[in-house]
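Visitor: structure for this input, please:
(chains A and B)
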Number of protein chains: 2
Amino acid sequence: MKKTLNVIKIGGNVIDSSEKLHQFLLDFTALPGDKILIHGGGKVATELGVSLGVEAKMVEGRRITDIETLRVVTMVYAGLINKNMVAQLQARGCNAIGLSGADGNVIKAVKRPVKDIDWGFVGDLDQDSVSTETLGSLLNAGLVPVLCAITHDGDAQLLNTNADTIASAVAVAMSSQYETALIYCFEKRGVMRDVEDEDSLVAEIRMHEFDTLKNEGVVSGGMIPKLHNAFEAIKSGVAAVYIGKADELPQINGGNFGTRLIQ
Amino acid sequence: MKKTLNVIKIGGNVIDSSEKLHQFLLDFTALPGDKILIHGGGKVATELGVSLGVEAKMVEGRRITDIETLRVVTMVYAGLINKNMVAQLQARGCNAIGLSGADGNVIKAVKRPVKDIDWGFVGDLDQDSVSTETLGSLLNAGLVPVLCAITHDGDAQLLNTNADTIASAVAVAMSSQYETALIYCFEKRGVMRDVEDEDSLVAEIRMHEFDTLKNEGVVSGGMIPKLHNAFEAIKSGVAAVYIGKADELPQINGGNFGTRLIQ
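Guide: Now for the predicted structure:
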């Protein structure tokens, strides 16, 4: 039987609040078994950019990573956020090791080709991006990888890569060796039948129910691509994907954390 | 017989020149066997501090690490410099993994006690600071640790620690498992009998010759504490300490790199 592995992604909403982050890192430490944490950015990168006069260039609401922006996110994601998070995990007894994609060649990306828009130093992933060998060695040594959203192209160029995408790619790649769960922590409790009603959480969605829920309007807007990507990960070998609220993470052991997506 | 391990430290003079750094990383990659790289800072941290309006507070020519300075050095050392260096090493085929002292609890330090001067968030090392277990696991996995000068106190606080001190502590601690050489790369070719004469390099100094060389004035000024610390490392188990110029590193295989200090 395969060992289990939890791949957990947290975003800016947790990182921006030192209180929320503190509690999350306690809950993360308490999770039994092998685990990998992936974190996004947060307001700090934007604030540092402003302090340094690095103008945020946006297209269609998304940031372009020019060389100055890449410098800022490398410093903030791989330096400030990653190392403070690791130091906090270590203080709680979790033997964390913070990594960018360049470290141990853990995540190798391809600079996004310029078509209509030049996104700058943004890296996309493919099926060979994740070094399961390095991640496996670290897990076997009792270490807990903490990945930031900086990758590299294998030719000395660092790249900025979406943290959700990294989490999914890691979960898919590791599912050859582990029974893998992919856990996205975000602002909401999960998929809600009624956004106004905190108790209307949809506890489980099977792949064949996805279209029905879209037609019913239960899944709409930004949730559609999120769930689409989640089911793609499941098709590629991930056992289950969870979407829920960071502060409810401890409930995952009882099987009632957020919305659980399965085959 | 113990395996050999080279612990190599480079300073700001190499890091500040992209050309020198490029060449050094090629030479480092070419070095056979197990190895660990430790790097200091460079001008970038000072420049970023200036850009952010973080005033450098100096006492006796040494920088005080207040909380703002700690933020800056964490971003620059652990983020910008460390990750770019790792990406370059990966591009050259060296499976580098960049670490702060918090990562895998590799280097645990103690915040310097306040006596006459409050040095701020500066960490000192003791004989239990280095996790030989984590470093050993990484080396056994074929990884090449690249350490920056950021450590932690085990209680969630990052600290700024002298890179020479980290290099020495790592070499001493690892010498229980490895035949360890500690290699300091700096501006000069090594200890010179005549600073004006490039050919007056002292190739080897044995511990008992140190006092004589001090009395003769061959070793003077800043070289005295450097050599004193080197011989302390040798007393604590390091097989040899080398002091030489970064761009002469390839000569270490022929046994004629810089000044070699031995028992």
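Visitor: residue A:90 belongs to a helix?
Guide: Yes: remark: residue A:90 belongs to a helix, assigned using DSSP: H, G, I helix; E, B strand; the rest coil.
Visitor: any idea how many residues pack against it?
Guide: Counted with other C-beta atoms under 10 Å in any protein chain shown, the neighbours of residue A:90 add up to 25. Bear in mind the C-beta positions are built from the backbone N, C-alpha and C, glycine included.
Visitor: for it, list the residues it contacts.
Guide: By C-beta atoms under 8 Å, 6 or more residues apart in numbering or on different chains, residue A:90 lies in contact with A:96, B:102, B:105, B:152, B:154, B:156.
Visitor: how about whichever residue of chain A sits closest to chain B, secondary structure?
Guide: Closest residue of chain A to chain B, C-beta to the nearest C-beta: residue A:79 (2.4 Å). In three-state terms, and counting by three-state DSSP, residue A:79 is helix.
Visitor: dump the C-alpha coordinates for stretch A:103-123 into CSV.
Guide: What follows is stretch A:103-123, C-alpha atoms only, in CSV (Å, rounded to 0.1, in the frame of the first residue of the first chain):
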residue,chain,number,x,y,z
ASP,A,103,16.7,24.2,-5.1
GLY,A,104,17.4,20.6,-5.8
ASN,A,105,15.8,21.4,-9.2
VAL,A,106,12.5,20.7,-7.5
ILE,A,107,10.3,22.6,-10.0
LYS,A,108,11.6,23.4,-13.5
ALA,A,109,9.4,25.7,-15.6
VAL,A,110,9.4,27.0,-19.1
LYS,A,111,9.2,30.8,-19.6
ARG,A,112,5.8,31.6,-21.0
PRO,A,113,6.1,32.2,-24.8
VAL,A,114,5.2,35.7,-26.0
LYS,A,115,2.0,35.7,-28.0
ASP,A,116,-0.4,38.7,-27.7
ILE,A,117,1.0,39.5,-24.3
ASP,A,118,4.5,39.3,-23.0
TRP,A,119,4.0,38.1,-19.4
GLY,A,120,7.7,38.6,-18.7
PHE,A,121,9.5,36.2,-16.3
VAL,A,122,6.6,33.9,-15.8
GLY,A,123,7.1,30.1,-15.8
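Visitor: find the nearest non-adjacent residue to residue A:192, please.
Guide: residue A:200 (5.0 Å; C-beta to C-beta, 6 or more residues apart in numbering or on different chains).
Visitor: how about residue A:22?
Guide: residue A:88 (7.2 Å).
Visitor: how many neighbours does the one you found have?
Guide: Residue A:88 sits with 25 neighbouring residues when counted by other C-beta under 10 Å.
Visitor: which parts of the stretch 51-200 of chain A sit against chain B?
Guide: A:51-52, A:71, A:74-80, A:82-84, A:86-88, A:90-91, A:95-100, A:102-105, A:134, A:137-138, A:141, A:143, A:150, A:152, A:154-158 (C-beta under 8 Å from any C-beta of the partner chain).
Visitor: buried ones among those?
Guide: By neighbour count, with 16 or more other C-beta atoms under 10 Å in any protein chain shown, those hold A:71, A:74-80, A:82-84, A:86-88, A:90-91, A:95-100, A:102-105, A:134, A:137-138, A:141, A:143, A:150, A:152, A:156-158 as buried.
Visitor: among these, which are located in helices?
Guide: A:71, A:82-84, A:86-88, A:90-91, A:134, A:137-138 (DSSP state H).
Visitor: relative to residue A:169, which of those is nearest.
Guide: Using C-beta to C-beta, residue A:134 is the member of those that lies nearest residue A:169, at 13.9 Å.
Visitor: strands of chain A, start to end?
Guide: According to DSSP state E, chain A carries its strands in the segments A:3-10, A:34-39, A:58-59, A:62-63, A:96-99, A:110-111, A:123-124, A:144-147, A:150-152, A:158-160, A:178-186, A:204-206, A:240-245, A:259-262.
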